[in-house]
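Student: Next one to model:
(one chain, ligands or ions: 1)
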Amino acid sequence: MPKVLISDKMDPKAAQIFRERGVEVDEITGKTPAELIAMIGEYDGLAIRSSTKVTAEILAHATNLKVVGRAGIGVDNVDIPAASAKGVVVMNTPFGNSITTAEHAIALMFALARQLPEADASTQAGKWEKNRFMGVELTAKTLGLIGAGNIGGIVADRARGLKMKVVAFDPFLTPERAVEMGVEKVTLDELLARADFITLHTPLTDSTRNILSAENIAKTKKGVRIINCARGGLIDEAALKAALDSGQVGGAALDVFQTEPAKDSPLFGTPNFVSTPHLGASTTEAQVNVAIQVAEQMADFLVSGGVTNA
Ligand code: MLT
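Tutor: The predicted structure is shown next:
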């Protein structure tokens, strides 16, 4: 019987599915890298979220490991070259948390448009600063999507429902798909020049790192509001801080940071800056979805060799 270790907190559905499919499962979370190294040898599969870092060192001790399953989209916490060199398949669940993440981006867009966190803090401090918080409408504004894949597509759909105009920069977006999504495909420079709000929905790669660099932020419409629920590293945080201070950027909401956990940042305390601790995928529904998907995929692979989302 194949044996799987669930090493991060995961919805109980995952363990249930493994057992139903004839896979033995241990749920042991919160282990240090050294403890994981000591135990990994007995497992055929490792199911993770974002806490476990599957390093080359852990993989070197994973003598029986055949598959790593990430209950989520990004596989940044897995050393993919080291896994590939060992013939370990790495799977993700690209769809289970897309709606949830898209909804978080929309929530942050509203938070910026109406300064909700600052207005809430001020009201609860007994200040009643009705004149301080003048917002903007979303209707008829232009939303610039950097990345028009699965999550970006859902954001576009919701934004169009809010009567926004959506322009998208994505080298992989076909003209046909752009029409289907009801978005206008544009170059990055065009998006920067036209968008009232910019939201990022692209993985962090060599070509997207610092896509919102100081140089690109300088090309934005003055007062643009920026949302990032994708990956830290897509925005140059020092440049963002300077642009918020100068007013070039009118507001920014980050769910993700260059370094996580982000317990300190020059951005903290900046007016018109909103932050959440990488909550993009944190809904009950999404966590159930990704747990089910990762367990089904890993069990298929371990029991019958079927490969999905590798
Ligand atoms: C993902 O990659 O699925 C999201 O960023 C969620 C997460 O890492 O928790």
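Student: Show me which residues of the stretch 1-150 of the chain sit near the ligand.
Tutor: Taking C-beta under 6 Å from any ligand atom as the measure of proximity, the stretch 1-150 of the chain contacts the ligand at 50, 72-74, 97. In short, each C-beta sits where N, CA and C put it, glycine included.
Student: Swap in 5 Å and give it another go.
Tutor: Taking C-beta under 5 Å from any ligand atom as the measure of proximity, the stretch 1-150 of the chain contacts the ligand at 50, 72-74.
Student: Tell me the one of those residues nearest residue 106?
Tutor: When those are compared for distance to residue 106, the smallest value, 17.6 Å, is given by residue 73; criterion: C-beta to C-beta.
Student: you'd agree that closest one is in a helix?
Tutor: No. Residue assignment for residue 73, taken from DSSP: H, G, I helix; E, B strand; the rest coil, gives coil, which places it outside any helix.
Student: which one among the residues of the stretch 1-150 of the chain next to the ligand gets closest to residue 153?
Tutor: Distance ranking of these against residue 153, using C-beta to C-beta, places residue 73 first at 13.7 Å.
Student: what's the span of stretch 60-71 from first residue to last?
Tutor: Across stretch 60-71, the terminal residues are separated by 22 Å (C-alpha to C-alpha, to the nearest Å).
Student: circling back to that earlier point, show me which pair in the residues of the stretch 1-150 of the chain next to the ligand is furthest apart.
Tutor: With distances taken as C-beta to C-beta, the most widely separated pair in those is 50 and 73, at 10.3 Å.
Student: What segments of the chain are strands?
Tutor: The residue ranges that make up the strands of the chain, judged by DSSP state E, are 3-6, 24-27, 45-48, 67-70, 89-91, 142-146, 165-169, 184-185, 197-200, 224-228, 249-254, 273-275.
Student: can I get the ones you listed in a markdown table with mean neighbour count?
Tutor: Conversion of the strands of the chain to a markdown table gives the following (neighbours: other C-beta atoms under 10 Å):
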| stretch | mean neighbour count |
| --- | --- |
| strand 3-6 | 24 |
| strand 24-27 | 17 |
| strand 45-48 | 27 |
| strand 67-70 | 28 |
| strand 89-91 | 21 |
| strand 142-146 | 26 |
| strand 165-169 | 22 |
| strand 184-185 | 18 |
| strand 197-200 | 27 |
| strand 224-228 | 26 |
| strand 249-254 | 24 |
| strand 273-275 | 20 |
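Student: In a markdown table, list those along with mean pLDDT.
Tutor: Rendered in a markdown table, the data for those read as follows (pLDDT from 0 to 100):
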| stretch | mean pLDDT |
| --- | --- |
| strand 3-6 | 98 |
| strand 24-27 | 98 |
| strand 45-48 | 98 |
| strand 67-70 | 98 |
| strand 89-91 | 98 |
| strand 142-146 | 99 |
| strand 165-169 | 98 |
| strand 184-185 | 98 |
| strand 197-200 | 99 |
| strand 224-228 | 99 |
| strand 249-254 | 98 |
| strand 273-275 | 98 |
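Student: now the ones you listed as a markdown table including distance to residue 133?
Tutor: As requested, the strands of the chain are arranged in a markdown table below (distance: least, C-beta to C-beta, whole Å):
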| stretch | distance to residue 133 |
| --- | --- |
| strand 3-6 | 45 |
| strand 24-27 | 46 |
| strand 45-48 | 41 |
| strand 67-70 | 40 |
| strand 89-91 | 45 |
| strand 142-146 | 22 |
| strand 165-169 | 25 |
| strand 184-185 | 32 |
| strand 197-200 | 18 |
| strand 224-228 | 15 |
| strand 249-254 | 12 |
| strand 273-275 | 13 |
